[in-house]
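Asks: missing the sequence, but the structure's below:
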C-alpha cells in the first residue's frame, strides 16, 4: 500500500473522469476510477462537497478497487433532484440505486465509503440493503450529536428557510479565495497540507457553484434534511440503524475535527457491531483528503482482514 501511495501524485492529479448518468428520475454525475474487475466501491461526499473529495484516495487504492464517486443531487455537477427531495431518505434512495447498479454489474456487494453527510447516507443504505454492502468505511460520519459546538452553529442557520438564502447571498459577495481559505480552515486540521493544485480547483469550483441558481437552495435544504434526520426516532433513528449494521465497519475520526466531535469515537465503538474505530489526532473533518495515504493504509489492512465472500 505504501509503495502504491508513493507512485500516486497526491494533491496534484487531475479529477477522475465522469459523466451525467440517469439514476431513476435523476441525472447524477458519476466519476469512475480504479481497475475494472477489481473489488467494487462507491464513495459518498459530505455536505457542500462533491465527488472530487475522493480523488486521491481513489488514486492510491486504484489497483484494488473499482470505485464510483458521485455528486449527490444538487451538488457538484449533479442538478437538483427531480422531486426536489433533499431529505436524508431521498439521498439514500439515489445512493442505493447507484450501489445496486455497481453491485449487480459484477454480482458482488460493494465497499461503501461515506464522509460526514455521506457517512450518514451510507449507514442508512447499509442498514436498509445489507445485501448490497460488503463493508463500510466512514470518515467523520454525521451521526446525531445535538450538543452544540461553536463551529457547527452555521449548519442550523443555513437550514432555516429564508435565513439560509440570505446567508448564501452574503457569501456570494465574498471573493472565492477567501471562501476557500475559510473552508480549509474549518475542514482541515492543518490547511497548509493542501496543495496549490487542490486550492486552485476549489477556487474554480466556488466560482462555478455560486453562479448556479439552485446551489443555495440545495445547501439549505440538504442541511435541513440532515438535521431532521438527527431527531428521528424509532426505526429511522441513525444511531439505532448504526447499531443494526451487519457488515464490518471502519470509522475514522479526526482529532482536530471542528464539525464532528472526535469524542463520538467512543460511542461509535460501543454501539456499532463489528466496528473498528481509528482516531487520527492531527487531522480534521476530511481525513481522506488531508492525508489520503494514511487513510489508505488503514483501509488496505481493513480490507485484507475481511472474511471471504
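Replies: Cool, got the structure. Note that the coordinates shown come from a computational prediction; the quantities given were computed from them, not determined experimentally.
Asks: Could you use CA atoms for every contact and neighbour count after this?
Replies: OK.
Asks: And the residue lying closest to residue 219 once chain neighbours are set aside, what's its pLDDT?
Replies: Leaving out its chain neighbours, the residue that sits closest to residue 219 by C-alpha to C-alpha, 6 or more residues apart in numbering is residue 48, at 6.5 Å. Per-residue pLDDT puts residue 48 at 95.
Asks: how about residue 48, secondary structure?
Replies: Classification of residue 48 using DSSP: H, G, I helix; E, B strand; the rest coil returns coil.
Asks: Give me the buried positions along stretch 139-158.
Replies: Of the residues in stretch 139-158, 139-144, 155, 157-158 count as buried by neighbour count, 16 or more other C-alpha atoms under 10 Å.
Asks: ok, and what's touching it?
Replies: Residues outside stretch 139-158 that contact it (C-alpha atoms under 8 Å, 6 or more residues apart in numbering) are 113-120, 163-165, 167, 186, 219-220, 223-224, 227, 229-231, 238-239, 251-254, 257-260, 285-288.
Asks: What subset of those residues is buried?
Replies: Buried members of the contacts of stretch 139-158, scored by 16+ other C-alpha under 10 Å, are 113-120, 164-165, 186, 219-220, 223-224, 227, 229-230, 238-239, 251-254, 257-260, 285-288.
Asks: Tell me how many other residues crowd the residue nearest to residue 219.
Replies: Look at residue 48: counted by other C-alpha atoms under 10 Å, it has 17 neighbours.
Asks: likewise residue 25?
Replies: The tally of other residues near residue 25 (other C-alpha under 10 Å) stands at 10.
Asks: gap between it and residue 103?
Replies: To residue 103, residue 25 is 20 Å away according to C-alpha to C-alpha, to the nearest Å.
Asks: if we can go back for a sec, can you lay out the buried residues of stretch 139-158 as CSV showing secondary structure, distance to residue 192 and pLDDT?
Replies: Output for the buried residues of stretch 139-158, formatted as CSV (DSSP: H, G, I helix; E, B strand; the rest coil; distance: C-alpha to C-alpha, whole Å; pLDDT from 0 to 100):
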residue, secondary structure, distance to residue 192, pLDDT
139, strand, 20, 98
140, coil, 20, 98
141, coil, 24, 98
142, coil, 25, 96
143, coil, 28, 95
144, coil, 30, 93
155, helix, 25, 79
157, helix, 28, 80
158, helix, 27, 86
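Asks: Now for those: which two are most distant?
Replies: Greatest spacing in these, by C-alpha to C-alpha: 139 and 157 (24.0 Å).
Asks: Neighbouring strands - and their directions - for the host helix or strand of residue 253?
Replies: Taking DSSP states H and E as the definition, one finds residue 253 inside strand 249-254. Using DSSP bridges, strand 249-254 pairs in its sheet with strand 133-139 (parallel), strand 275-280 (parallel).
Asks: So which of these is the most surrounded?
Replies: Most buried of the strands paired with strand 249-254 by mean neighbour count (mean count of other C-alpha atoms under 10 Å) is strand 133-139; its value is a mean of 25.
Asks: List the buried residues in stretch 30-44.
Replies: For stretch 30-44, burial by neighbour count (16+ other C-alpha under 10 Å) applies to 30-34, 39-44.
Asks: residues in contact with that stretch?
Replies: 16-21, 51, 54, 58-59, 61-72, 98-99, 102-103, 106, 108-115, 118-119, 121-122.
Asks: Please repeat the previous calculation with a cut-off of 7 Å.
Replies: Contact with stretch 30-44 is made by 16-21, 51, 58-59, 62-71, 99, 102-103, 110-115, 118, as judged by C-alpha atoms under 7 Å, 6 or more residues apart in numbering.
Asks: follow-up on the earlier one: just the contacts of stretch 139-158: which are in strands?
Replies: Judged by DSSP state E, the subset of those located in strands is 113-115, 251-254.
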